[in-house]
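**Student:** With the input below, show me the fold.
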Amino acid sequence: MTTPRARTKISARDPSATKAKILDAATREFALRGYDGARVDAVVKRARCNINLVYHYFGNKEKLFIAVMERAYSIVRSHHKDMELSGADPEEAMRQLIVSTFRMFVNSPETIGLLVSENIHRARHIKNSPLIVSMYDALLDFIRETLDRGVASGVFRAGVDPTELFISINAEGYFYLSNRYTLSVILHQDLMTPVRLRQREQFIIDVIMGFLRP
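**Tutor:** Numbers count the residues shown, from 1 in each chain. All right, here's what the predicted structure looks like:
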């Protein structure tokens, strides 16, 4: 039988893998129960590690949550693919940004739970992360540059605010998915079927791209 001390030594041999396993477990715990309801001992149980390792790598519950949020935001940003799209046709670049944003929320449901929890706390935790605070500057620059290129080529109208557009692209998908259970009840339909998700994705594309036309 492996003792807790032995498990600690085994886990400590691969710090990166251990930290990733703890972050996976913490993501599920915080997404399910929110910051207030989450418990470090539940994270330990999910990760099947010694509790000392959690405090060794992350310090305390708040720092663990910030690490979870940093990884979540990094995953979100990787889905935007703005660096890959920076030289693409402006209409195609904007369309791909809309699609990737919506699909990111579909494929990462934990992200919605984490964002709901952090908004309840008025972003108290992510304010302490320089990484998150500056993470979206490049994306907003990309949106601004894509809009400018679209205006110059005559496919987008002038005067669209990049920040407002960013909020709208996220809001169109986020509200649908964060309220999927209540909406499914009051609208008498399952909003999460593959067909329904494709319909919603296309609707968002039509709404945003239609708004951008001259």
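
**Student:** Would you pull up how far the longest helix seen in the chain lies from the middle of the chain?
**Tutor:** As assigned by DSSP state H, the longest helix anywhere in the chain is helix 15-37. Average the C-alpha atoms of helix 15-37, do the same for its chain, and the two points are 15 Å apart (Cα atoms, centre = their mean, to the nearest Å).

**Student:** Report the buried residues of that helix.
**Tutor:** 18-19, 21-31, 34-35 (16 or more other Cβ atoms under 10 Å). Yep, even glycine has a C-beta here, placed from its N, CA and C like the rest.

**Student:** which residues are in contact with the next helix or strand after that helix?
**Tutor:** Next along the chain after helix 15-37, taking DSSP states H and E as the criterion, comes helix 40-47. With contacts defined as Cβ atoms under 8 Å, 6 or more residues apart in numbering, helix 40-47 is touched by 21-22, 24-26, 28-29, 33, 50-51, 54, 61, 64.

**Student:** neighbours around L139, how many?
**Tutor:** Using other Cβ atoms under 10 Å, L139 has 18 neighbouring residues.

**Student:** The one 10 residues further on too?
**Tutor:** Counted with other Cβ under 10 Å, residues neighbouring R149 total 19.

**Student:** Need the per-residue pLDDT for it.
**Tutor:** pLDDT for R149: 97.

**Student:** so A158, which of the three states?
**Tutor:** coil (DSSP: H, G, I helix; E, B strand; the rest coil).

**Student:** what about the helices in this protein?
**Tutor:** 4-12, 15-37, 40-47, 51-58, 61-80, 82-85, 90-107, 109-120, 130-133, 137-153, 162-178, 180-187, 194-212.

**Student:** Least reliable of these by average pLDDT, please.
**Tutor:** Among the helices of the chain, helix 4-12 scores lowest, at a mean of 47.

**Student:** mind listing what the residue nearest to the spatial centre of the chain touches?
**Tutor:** With distances taken as Cα atoms, centre = their mean, V76 lies nearest the centre of the chain, 4.0 Å away. Listed by Cβ under 8 Å, 6+ apart, the contact set of V76 reads M104, S108, T111.

**Student:** When you filter those down to buried only, what's left?
**Tutor:** Here, 16+ other Cβ under 10 Å leaves M104, S108, T111 buried among the contacts of V76.
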